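*Asks:* Predicted model and sequence follow; I will ask about them next.
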Amino acid sequence: MKTRLLKQLAVVCSVACTSSLSTFANTTPKPEELRQRCVPALSPLPAAMPGAEKDTPALVNLGKTLFFDVRLSANNSQSCNSCHAVDKGRGGVDNEPTSPGAYGKRGGRNSPTVLNAGLHSSQFWDGRAADLSAQAKGPILNPIEMAMPNEQAVVDKLSAIPDYQKSFAKAFPGDAKPLTYDNIARAIAAFERTLITRDRFDDFLKGQNAALSTDELKGLDLFVTIGCTACHNGPTVGGNSYQKRGLIHPPKIEDVGRFAVTKDDDDKFKFKVPSLRNISLTAPYFHDGSRGKLEEAVKDMAWEQARPQAVRRRSEIADDLPECARRQGTRLVGNQAAREPLRKRGRSSLSHRGVRVPMAVTGLTDARGAIAILDWRYAPPEVRVEQTKVKVFAALQSESN
Ligand code: HEC
Ligand code: HEC
């Protein structure tokens, strides 16, 4: 267990501490350089999801009808869209901490978004379903979700609807018996594979310098620099590994996460790292929906997950950095200058759970802008701290070399 933890610490730390370290204030990152540092960790969304090549329009249309059909629930009260609203510009969620099911009961977990979900390495917070088809079979029979009694009951219910008889036959032309429980799941999965949300962030990654505003560039710079990409990476900025909630400073949580699936002690309190695409639309946050505001979730992350040097001491950023730099044998430039703007403002740190956290390193304030880039609808707030930053040049590039 220890070695694995250390390995993970190394990942976070390698982003933060390797390569040349320098600090400077108030600089807007050059788009080309920033893109260079992003590209190994962050990549544009593909034009289509894997598996979509074989999806016919008939299959996708059927899946869409099923996704929106409340008759998939025991009392005709709920569709997939009830908890994963993809219409009317919604973010593929219900914006509830936990979701009320067909009979009003709530489960223990927050509804993750279905947008881009087909690009994740597995489904659910604990990864217990391998892919979208396997996942779609769960909620229909789950007693606190759609509450149908069994697979046959679902097939019988849909078979009594003539339109479905026709559309299943069209969608599964080769099948002797097209309307089966497996095919219901297959069709829904085909529809979900169309839910890709490319936006300006992809344009930037592909080379359009003007695709992001100055604030967004600064935010992205910070996001990459303080090591968020150690876990939130890939085209979906997450969704491809299991990581501990609170790698550095674990909070008290009840849900054991991935452990429930593997029974491996090492997996206790690990969750599938959520995608940060469309993050401003998917509040509340975390597996239990315990954070209502994006700022709060980011603060938690900065404290719980950022490299230990960032948050170990009450003292300011510059006191911690030389040690980090010395360990790496690199030279630190301008730490004194970096300190000044914060001092002048009289707010060098914030109190977070009784511990003083230096803002400059954790980016507690700036990090709001950091994730703003992930969705154009999120207007970056006023940046209160000067753009004092720890810059880690080429850390990500050197990782990929
Ligand atoms: C009552 C609310 C509710 C309904 C109805 C519902 N879901 Fe979910 N869905 C959830 C919750 C809660 C989770 C997370 C559960 C967990 O991780 O243990 C989830 C997880 C998922 C995921 C995994 C996403 C990811 O990133 O891991 C997908 C995909 C999904 N649901 C699709 C569907 C489909 C398709 C339907 C309809 C057949 C559906 N859901 C019906 C609440 C709901
Ligand atoms: C060590 C891996 C790791 C690092 C580093 C990390 N995160 Fe996370 N992040 C996670 C995990 C795991 C979760 C899910 C935790 C939970 O649900 O309890 C998460 C959840 C989130 C969420 C909530 C998403 C949602 O849909 O509920 C946000 C926002 C977030 N992280 C932002 C950040 C930011 C910003 C940084 C950099 C300061 C960061 N994370 C660094 C692993 C990490």
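*Replies:* Arrived safely. Ligands and ions are numbered 1, 2, ... in the order given.
*Asks:* close enough to count as contact, Asp255 and His287?
*Replies:* Yes: the pair Asp255 and His287 passes the contact test of C-beta atoms under 8 Å, sitting 5.8 Å apart. To be clear about C-beta, it is placed using only N, CA and C from the backbone, and glycine gets the same treatment.
*Asks:* Next, count neighbours for Pro149.
*Replies:* 10 (other C-beta atoms under 10 Å).
*Asks:* who's in contact with the spatially closest residue to it that is not a sequence neighbour?
*Replies:* In space, and not counting its chain neighbours, Pro149 is closest to Ala74: 7.2 Å by C-beta to C-beta, 6 or more residues apart in numbering. Contact analysis of Ala74 by C-beta atoms under 8 Å, 6 or more residues apart in numbering lists Ala102, Tyr103, Met146, Ala147, Met148, Pro149.
*Asks:* Make a PyMOL selection of whichever of the residues you listed turn out to be buried.
*Replies:* To isolate the buried members of the contacts of Ala74 in PyMOL, using 16 or more other C-beta atoms under 10 Å:
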select buried, resi 102+146+147+148
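*Asks:* Which two among the contacts of Ala74 are spaced furthest apart?
*Replies:* Farthest pair in the contacts of Ala74 (C-beta to C-beta) is Tyr103 and Pro149. Separation: 13.0 Å.
*Asks:* Enumerate the residues of this protein near ligand 2.
*Replies:* With C-beta under 6 Å from any ligand atom as the criterion, the chain meets ligand 2 at residues 12, 226-228, 230-232, 243, 245, 247, 271, 273-274, 276, 279, 282, 285-287, 297-298, 301-302, 305-306, 367, 370-371.
*Asks:* coming back round to it: got phi/psi on the residue nearest to Pro149?
*Replies:* phi -60, psi -40 (degrees, to the nearest 10).
*Asks:* ok, now how distant is it from Trp125?
*Replies:* 24 Å (C-beta to C-beta, to the nearest Å).
*Asks:* repeat for Glu296
*Replies:* Glu296 is 19 Å from Trp125, by C-beta to C-beta.
*Asks:* helix or strand for the nearest residue to Asp175 once chain neighbours are set aside, which one?
*Replies:* Closest residue to Asp175 apart from its sequence neighbours, by C-beta to C-beta, 6+ apart: Asn183 at 7.1 Å. Taking DSSP states H and E as the definition, one finds Asn183 inside helix 181-192.
*Asks:* Give the other helices and strands that that helix contacts.
*Replies:* helix 57-67, helix 132-141, helix 151-159, helix 162-171 (3 or more C-beta pairs under 8 Å, 6 or more residues apart in numbering; DSSP states H and E).
*Asks:* how far off helix 132-141 does the longest one point, in degrees?
*Replies:* Interaxial angle of helix 57-67 relative to helix 132-141 (axes from the mean of the first three to the mean of the last three C-alpha atoms, to 10 degrees): 30 degrees.
*Asks:* Downstream of helix 57-67, the next helix or strand is which one?
*Replies:* helix 80-83.
*Asks:* shaky segments in this protein?
*Replies:* 1-26, 306-401 (pLDDT under 70).
*Asks:* domain parsing for it?
*Replies:* 2-45+198-400, 52-192 (automatic domain parsing).
*Asks:* follow-up on the earlier one: for the helices and strands packed on helix 181-192, give me a markdown table that also has mean neighbour count and distance to Thr28.
*Replies:* Formatted as a markdown table, those follow (neighbours: other C-beta atoms under 10 Å; distance: least, C-beta to C-beta, whole Å):
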| stretch | mean neighbour count | distance to Thr28 |
| --- | --- | --- |
| helix 57-67 | 20 | 43 |
| helix 132-141 | 21 | 40 |
| helix 151-159 | 16 | 55 |
| helix 162-171 | 16 | 51 |
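*Asks:* For Leu212, which of these is the nearest?
*Replies:* That would be, of these and by C-beta to C-beta, helix 132-141, which comes in at 30.6 Å.
*Asks:* Give me the angle between that closest one and helix 151-159.
*Replies:* Using the same axes, to 10 degrees: helix 132-141 against helix 151-159 is 90 degrees.
*Asks:* now for helix 132-141, which elements pack on it?
*Replies:* Using 3+ C-beta pairs under 8 Å, 6+ apart, helix 132-141 sits against helix 80-83, helix 151-159, helix 181-192.
*Asks:* that older thread, looking at Asp255 and His287, which is more packed in?
*Replies:* Legend: neighbour count by other C-beta under 10 Å for Asp255 and His287, higher for His287 (21 against 16).
*Asks:* any idea how far that one lies from ligand 1?
*Replies:* Separation of His287 from ligand 1 (C-beta to the nearest ligand atom, to the nearest Å) stands at 7 Å.
*Asks:* How about that residue, nearest residue that isn't a chain neighbour?
*Replies:* Trp125 (4.6 Å).
*Asks:* show me the contacts for that neighbour.
*Replies:* Arg109, Asn110, Pro112, Asp255, Gly257, Phe271, Lys272, Pro274, His287.
*Asks:* ditto for Ala211
*Replies:* Per C-beta under 8 Å, 6+ apart, neighbours of Ala211: Arg200, Phe201, Asp203, Phe204.
*Asks:* Let's see that with 6 Å instead.
*Replies:* Ala211 makes contact with Arg200, Asp203, Phe204 under the criterion C-beta atoms under 6 Å, 6 or more residues apart in numbering.
*Asks:* Put together a markdown table for these, with distance to Glu216 and neighbour count on each row.
*Replies:* Listed next are these as a markdown table, based on distance: C-beta to C-beta, whole Å; neighbours: other C-beta atoms under 10 Å:
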| residue | distance to Glu216 | neighbour count |
| --- | --- | --- |
| Arg200 | 8 | 16 |
| Asp203 | 12 | 15 |
| Phe204 | 8 | 23 |
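*Asks:* Next one: Gln78 from Ala147, what distance?
*Replies:* Counting by C-beta to C-beta - Gln78 and Ala147 are separated by 8 Å.
*Asks:* again with Asp255
*Replies:* Counting by C-beta to C-beta - Asp255 and Ala147 are separated by 22 Å.
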